[in-house]
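Enquirer: return atomic coordinates for the entry below.
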Amino acid sequence: MKLAINLDLGLMRRLRQFSRRWARKRHGIDADPLILSTRRIYIVPTGMGFAFALMLTAMFVGAMNYGNNLALGLTFLLGSLALVAMHYCHRNLSGIVIRSASSDPVFAGNEATFRIAVENTAQLARHELLVANDQGMSNPQPIPANGRAVFDIQLPAPQRGMLTLDHFEIVTRHPFGLFRAWSHVHMNLTCVVYPKPAPRGLTPPPVETDTGGAQDSVNGDEEFAGLRPFHPGDSPRRIAWKAYAREQGLQVKLYAGTAVTSHIFDWNALTGLGTEARLSQLCRWIEDAHAEGRAFALKLPGLEIPANVGLGHRQRCLTALALFES
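Expert: Model (predicted):
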């Protein structure tokens with residue numbers, strides 16, 4: 001029994017792969033956004049649909065055998081209902097607009113979440129749409145007339161770099177679940193995968209004093225740029241005493257263009273480690289410095305990012321590590 005199930009699953013997997021290759025060869029790489037035309041939509045009966053067809057066949061044979069006109073009428077009525085359901089299932093996908101949405105970066109070893117936006121520009125609502133790939137499927141959602149929905153789909157991110165979602169399907173079984181209509185989409189959506197942070201243990205390089213450029217430049221000279229935790233050696237004039245009085249801890253004011261202490265995370269300082277080990281250790285130092293509000297700079301072969309703080313600076317440095325020599 002288990003062998004038969006495994007054979008069936010293997011056969012279905014091979015059929016899906018063949019269908020995917022055939023669709024990619026026929027349609028190529030899809031534009032972003034993509035308007036789903038009727039020639040892109042495929043439809044087959046589901047397991048319930050095959051069972052329903054067998055039931056109708058048995059009803060028709062029985063009605064013919066006994067000459068029961070009422071049973072024949074019921075059989076034709078249910079058959080007509082199935083044909084209408086097939087038409088509505090196909091129309092549920094026709095004309096929708098598929099486009100990529102933002103995908104947040106992840107660390108290697110986690111799962112990347114790709115967001116796919118589906119827009120309904122028609123005056124009729126769409127029902128029970130979902131997005132699927134080999135790893136799973138999103139939750140089904142309805143889309144009202146002239147509405148929009150965003151679907152999340154996961155993909156494993158085993159290593160750093162640029163992860164590509166080269167294929168997914170837009171699927172519906174509405175109404176009744178008798179038919180499955182779907183379309184293959186090849187958009188080559190991407191997500192940045194940061195290196196996996198190394199375990200804590202290796203002490204980061206000591207801080208150095210840097211004047212100017214350690215905060216976001218958009219704030220202008222001598223403009224308040226935020227707070228960070230107090231560290232030994234900080235000037236008492238920079239302490240946010242009001243925040244301390246509100247029992248928010250000892251924090252230091254940051255101003256754009258002022259002197260700050262910062263780390264310099266240098267690739268060449270990690271001698272004796274391989275490429276991936278160095279990237280993982282730099283990633284760990286960046287994460288710890290960002291969590292503590294410390295300014296830091298990053299030096300890689302052929303690239304130097306000056307000292308700064310903030311989420312944008314963290315993302316810029318981690319992206320440089322993710323795409324190093326890629």
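Enquirer: ok, and the helix or strand in this structure with the lowest average confidence?
Expert: Taking mean pLDDT, DSSP states H and E as the measure, the chain has strand 208-211 as its least confident helix or strand, at a mean of 52.
Enquirer: and the next element down the chain from the host helix or strand of residue 14?
Expert: Following DSSP states H and E, the helix or strand that holds residue 14 is helix 2-27. Once the chain leaves helix 2-27, the next helix or strand it forms, by DSSP H and E, is strand 34-35.
Enquirer: what is that following strand packed up against?
Expert: Contacts of strand 34-35 with other secondary structure elements, assessed using 3 or more Cβ pairs under 8 Å, 6 or more residues apart in numbering; DSSP states H and E, are made with strand 97-100. Bear in mind the C-beta positions are built from the backbone N, C-alpha and C, glycine included.
Enquirer: which residues touch the strand it packs on?
Expert: 32-36, 114-121, 170, 185, 187, 189 (Cβ atoms under 8 Å, 6 or more residues apart in numbering).
Enquirer: let's see that with 7 Å instead.
Expert: With contact meaning Cβ atoms under 7 Å, 6 or more residues apart in numbering, strand 97-100 is reached by 32-36, 116-119, 121, 170, 185, 187, 189.
Enquirer: can I get stretch 283-299 as PDB, trimmed to CA atoms?
Expert: The C-alpha coordinates for stretch 283-299 follow below in PDB (Å, rounded to 0.1, in the frame of the first residue of the first chain):
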ATOM      1  CA  CYS A 283      27.800  39.400  10.100                       C
ATOM      2  CA  ARG A 284      27.800  38.600  13.800                       C
ATOM      3  CA  TRP A 285      29.800  41.700  14.600                       C
ATOM      4  CA  ILE A 286      27.400  43.900  12.500                       C
ATOM      5  CA  GLU A 287      24.300  42.400  14.200                       C
ATOM      6  CA  ASP A 288      25.700  42.900  17.700                       C
ATOM      7  CA  ALA A 289      26.900  46.500  17.000                       C
ATOM      8  CA  HIS A 290      23.500  47.400  15.500                       C
ATOM      9  CA  ALA A 291      21.600  45.900  18.500                       C
ATOM     10  CA  GLU A 292      23.700  48.000  20.900                       C
ATOM     11  CA  GLY A 293      23.400  51.100  18.800                       C
ATOM     12  CA  ARG A 294      27.200  51.400  18.100                       C
ATOM     13  CA  ALA A 295      28.500  52.900  14.900                       C
ATOM     14  CA  PHE A 296      30.600  50.700  12.700                       C
ATOM     15  CA  ALA A 297      32.400  50.700   9.300                       C
ATOM     16  CA  LEU A 298      32.900  47.700   7.000                       C
ATOM     17  CA  LYS A 299      36.000  47.000   4.900                       C
END
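Enquirer: contacting residues around it?
Expert: Contacts to stretch 283-299, defined as Cβ under 7 Å, 6+ apart, come from residues 194-195, 197-198, 200, 204, 214, 228-229, 260, 262-267, 282, 305-309, 314, 317-318, 320-321.
Enquirer: PyMOL command for the buried members of these?
Expert: Applied in PyMOL, the following selects the buried portion of those according to 16 or more other Cβ atoms under 10 Å:
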select buried, resi 194+195+197+198+204+214+228+260+262+263+264+265+267+282+306+307+308+309+314+317+318+320+321
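Enquirer: okay, buried residues for stretch 102-110 please.
Expert: Of the residues in stretch 102-110, those buried by neighbour count under the rule 16+ other Cβ under 10 Å are 103, 106, 107, 108.
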